[in-house]
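> have a look at this fold, sequence not included:
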């Protein structure tokens, strides 16, 4: 299968299934000379790790990344950075009951039809576990584009929404609670909701909002590779994502042009920012902000009917270890993908320069 | 600038600005042996053409495409198909008033900052006119994947929505009205709304829904090039798009897992289709359906403040010829992009085959 | 078919068959702000044009290129440059005798087997005519990288070789004779040889040497995209090319290390240049020089046996208009390919910069 | 840096420097369902390994590859195959004497100028050691395209050449001697030559010929991605390669058309094969054969002048462990690259099929 690489000039290629020996990747195109903060990289991985709190999955792998190349005395050399994260907490036996069964709303059926081969252990390549590699690459990308601020947070769980504009939120509070919601009142409601859902053995969806500040002007290409199109593809590639909108988003579709305009200030900034920092597919220097929709995770502890490979419907009850809500764990993944897109765009933009 | 190509194996590269001599493209990778229906291609171009009715732009170019290569005696040869659409109805003088002015919510400012050169005539490369090339390529893609049905239609204008599920709509009615809405009652309300908006010299947004039927199983890649991520990027690359969702979309983010599951029938189809025909990023044979949000077009006949290149705010009134609502004209573009994504995926999927 | 694009950041996509309506291409990624010299572009096309002298093909098309986009008031805008060269001098009837026949050493057989469709008119997509598009793009690339000097010349025809090192040649003499050999004595022998060959109705091969001066240090990538590998692929993609060598080439394979070393001067230049300006796949600032081998053109006026589509051997005599030696016409094509590779590398190298 | 990936559909991305912790790669696009022979893979690695005999380098790493993903119960799953080869025999201290010195004819100077960072340990990313990853991927590619035979052998060392056509050689003898020359008389002379060279502390170049049999018709693309252009780029990307020729090669440049033609037999095969199995850039079913030229390895035990980073010329004597002739070790690398090109082309060719 292809589709395992992301980016053109800052490029990540990943490998690994959730229950194989290890997952990892190669980052190709990271510029030389970046002095890496390894603690920060590990911190991003920890943010993604399950078992941090009662509301997320109880798989307590200590994700530690090992770098094989591309770094010399703590500084990137410009050569490919190969890295590996060993799977230590696999519990293959949790999945033996699904060996010949296609779980509803999983990728089991499609995989078998496409490849004729299905590694039944966990979600295989479709598992959320491969996103750990994205988080490592995103952490390095963040250090490359260090003056650009990327902050993502949970903006809704089920029908519980933050009801303030993001400008009124304090991003320092994102990590202060398990749900990664910087509005404390809303966070409390979200947590209650999830605990109730969990007791029922059910799952629930939500949305993540991401804000990117201090973006230079001129990132993105005007036709097929518009900056928001690249961000959209990046976010839609995260497991469980069902939608992407930026700036005014789907609300903008209900507005008139006279209401929707972002009028200029004399210094080139705009008074409003319904554009979401991108016009004609190119960044204009204002904040870029977008929202990503996550469906509820498909494995439910409740009984459901599944299909086996002989075409028979069988009753099954989900087992394994599952998140009632994936959204908090996806927050660092959204940031990682955003960082990689921006890093790639920074490198692409350099070719516009007329001097060499 | 790069970003002017779309697709990996069925690849379109476009060129041309709205007020240059011609626009066109090269389709590389179209398989040999397809007997082309040129009337159908012209028909798709006509659908996109402005001046069809009172509610769309009054630029009456007769878009005619000329093919230079890749077709011999009406059959594709497998070689690149080069084509050109001459711009006959340009009216450059309409844009002279903006020569040194950045219009709000346009790409003028970002272009100048990025390239140091700005072709002020119309929207240049960011103009919707380059989408005519997409429609030509999409029309050819449709003929390649002829057993797959792709239908797009206007599902909302402003706050007026179709209130039926798409399964209850008759797609044969899409072309029966100027708004391309297959629900006649809703269509009438939409048209009234747009005419009122137009009288005010304003513009309004809307959404398009697209349904793809008879999709083979196995299209898409599970990690970064998930099928819905490719569709999302394709749709987000269309001018004025602010959001993309597929299947249950942003509504799915509010649901629980027990409600959201698509249970299996014994033949591999599913009882519901909240997945939108894609699981784990790969098509499962059920209908693929998605929705695209369009913001209102930015040029308004009303007066607004713009910024000129000396950093002064100046009052300007939009001129030129403008759509009060771009959504009906975007319907064939959405279909074209969908066709190109599916064609590309069909070609990519062939490598899974173990025989050669 | 794919394989119709060349380059990563300075990218050319071509279309067109020798006997279709037109040939052309799209140049994507040419930076903005280059003031084009259109006479120089036309001059490169003229250099390639047949019918310049008695020793080359008698097809007197006046190749004129028409630009459709990407240029505004004579300056590149950074948007794709779409261009077309109309075929005016086709003489399709010259090829009717080969309609059902595969000519030996032509691409007829392989095309039919691969595509199931064969445009029998001339060489179709494999014809040397598509190289006119390469020359246009190469001419623009040359203007982008204007401080770098690229000179190619005929270094051998049959067994007649220039017997001086290139440093002793005056490149201003390259265009002074029809064979494009800057050594006048050798040029005279080459021309005699070709005229004799032509009288016999036969063809003959030769080699082209190319020298690139003022190359900046640091072009090329060390692993798979070594600069000489990119140059080699570029040259091998030209019709009739059978070999590529750079620096000491195949002779270097016979040498010892102590003889082969390029010792340093204190300023970083080297005393000798057997490396050919490239070490570890990266340019070191010294002249890059390489040699390209061309086989004799396959169509011979003499009678030969060909195979028809029923599997019968039939006698045929070549007709049409043919070069006894393609080498002089290939000189501008070699330069064009070299210019495109260097332009692409210049753009790729910019990402190494640590500031933005 | 980019340029660390090879292939379009069967794609290898490598990482690792010779003196880093490990080298490795990711193979993306290997089809599912191939039952791997791990011994055969290890065997290819062993062929490449130094220290096999007296005539090659005395670095006795036991290269063992570890697979992290993409293989389940010994069968490829179609997911990316991540693998690592740990560096166990590094001897960094061998290179301390060159810490601030640019060795002549090495990549030291170009690396430092390009990246501003130079990992001085060994050849870093330009070292031949990264080719071990290529051999692993090539071994897997060979198993995918198992009916195609690829055999490479040493055809010359210095001025000692095999004087028979390859059709008269027995490929089973290639592994019977340390020089990998299937002509025993010539092999003996080559070995004597190399031992003499080694005693002098010098190095010597040579050439490798490669023959590919049972190639299906139709591989390769006619314009920029001609099959021989892809092979040429692949071979030129191997360290120390100075030239590539296929079929009649540089000799063909001396021939006339009447001599150079490959006349047809009635079954579509040809009587001669000066084309080298490729016409118009596409395989025609006949043997593909080509020759690759290797310069002598640059590190010589003799004293030479090098340049240090202060711009001073200093005398240095090479140390470390070096091959007097790299050609025998490059034989499996040439085969690996050929296998990867053919595998990629097999996958690319599938899109030509009109059924799906």
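Perfect, I can see it now. Please read these numbers as outputs of a predicted model, since none were measured by experiment.
> touching chain C at all, stretch A:266-283?
No. Stretch A:266-283 does not reach chain C (CB under 8 Å from any CB of the partner chain); its nearest approach is 11.7 Å. For glycine as for every other residue, the C-beta is placed from the backbone atoms N, C-alpha and C.
> low-confidence stretches in chain A?
Low-confidence segments of chain A (pLDDT under 70): A:1-2, A:18-19, A:50-62, A:88-128, A:299-305, A:309, A:316-322, A:351-356.
> so residue A:156: helix, strand or coil?
Of the three states, residue A:156 takes strand according to DSSP: H, G, I helix; E, B strand; the rest coil.
> test my guess that residue A:49 contacts residue A:65.
No. In this structure, residue A:49 is not within contact of residue A:65 by CB atoms under 8 Å, at 11.7 Å.
> quick one: buried residues of the longest helix along chain A?
With secondary structure taken from DSSP state H, chain A has its longest helix at helix A:327-349. Burial within helix A:327-349, assessed by neighbour count using 16 or more other CB atoms under 10 Å in any protein chain shown, is assigned to A:327-349.
> and what of stretch A:265-277?
A:270, A:273-277.
> can you report how many residues lie near the nearest residue to residue A:236 once chain neighbours are set aside?
Nearest residue to residue A:236, sequence neighbours excluded (CB to CB, 6 or more residues apart in numbering or on different chains): residue B:229, at 3.9 Å. With neighbours defined by other CB atoms under 10 Å in any protein chain shown, the count for residue B:229 comes to 27.
> contacting residues for residue A:140?
With contact taken as CB atoms under 8 Å, 6 or more residues apart in numbering or on different chains, residue A:140 is in contact with A:27, A:30, A:34, A:36, A:41, A:76, A:81.
> what about it, distance to chain C?
Residue A:140 sits 15 Å away from chain C, going by CB to the nearest CB, to the nearest Å.
> sec struct for that residue, please.
Of the three states, residue A:140 takes helix under three-state DSSP.
> then residue A:217?
Three-state assignment for residue A:217 (three-state DSSP): coil.
> surely residue A:209 touches residue A:161?
No. Taking contacts as CB under 8 Å, residue A:209 lies outside contact range of residue A:161: 10.3 Å.
> list the residues that contact both of these two?
Shared contacts of residue A:209 and residue A:161, defined by CB under 8 Å, 6+ apart, comprise residue A:155.
> of those two, who's got more company?
Taking other CB under 10 Å, residue A:209 and residue A:161 do not tie; residue A:209 has more neighbours (21 against 16).
> and that one, what does it touch?
By CB under 8 Å, 6+ apart, the contact set of residue A:209 is A:152-153, A:155, A:162, A:166, A:289-292.
> rerun that using 7 Å as the cut-off
A:152-153, A:155, A:166, A:289, A:291 (CB atoms under 7 Å, 6 or more residues apart in numbering or on different chains).
> wait, which of those residues is closest to chain C?
In terms of CB to the nearest CB, no member of the contacts of residue A:209 lies closer to chain C than residue A:289, at 22.3 Å.
> that closest one: helix or strand, and which one exactly?
Following DSSP states H and E, one finds residue A:289 within strand A:288-294.
> tell me what that strand is packed against?
Contact partners of strand A:288-294 among helices and strands, from 3 or more CB pairs under 7 Å, 6 or more residues apart in numbering or on different chains; DSSP states H and E: strand A:206-213, strand A:241-246, helix A:327-349, helix B:249-252.
> partners of it, with directions?
Applying DSSP bridges to the sheet, strand A:288-294 is found paired with strand A:206-213 (antiparallel), strand A:241-246 (antiparallel).
> list the buried residues of the first one.
Residues A:206-212 are the ones in strand A:206-213 that count as buried (16+ other CB under 10 Å).
> relative to helix A:327-349, how tilted is it?
Counting by axes from the mean of the first three to the mean of the last three CA atoms, to 10 degrees, strand A:206-213 points 40 degrees away from the direction of helix A:327-349.
> one more: the last one?
Calculated by the same axes, to 10 degrees, strand A:241-246 forms an angle of 50 degrees with helix A:327-349.
> check the offset of strand A:241-246 from the chain's centre.
Relative to its chain's centre, strand A:241-246 lies at 12 Å (CA atoms, centre = their mean, to the nearest Å).
> pull out the buried positions in it.
Here strand A:241-246 shows A:241-246 as buried, counting by 16+ other CB under 10 Å.
> and the residue nearest to residue A:236, which helix or strand is it part of?
Counting by DSSP H and E, residue B:229 is found in helix B:227-236.
> need the residues of chain A near chain D, please.
Counting by CB under 7 Å from any CB of the partner chain, the residues of chain A close to chain D are A:1-2, A:4-5, A:9, A:13-17, A:20-22, A:24, A:26, A:28-29, A:32-33, A:68-70, A:72, A:75, A:77-82, A:84, A:115-117, A:119, A:125.
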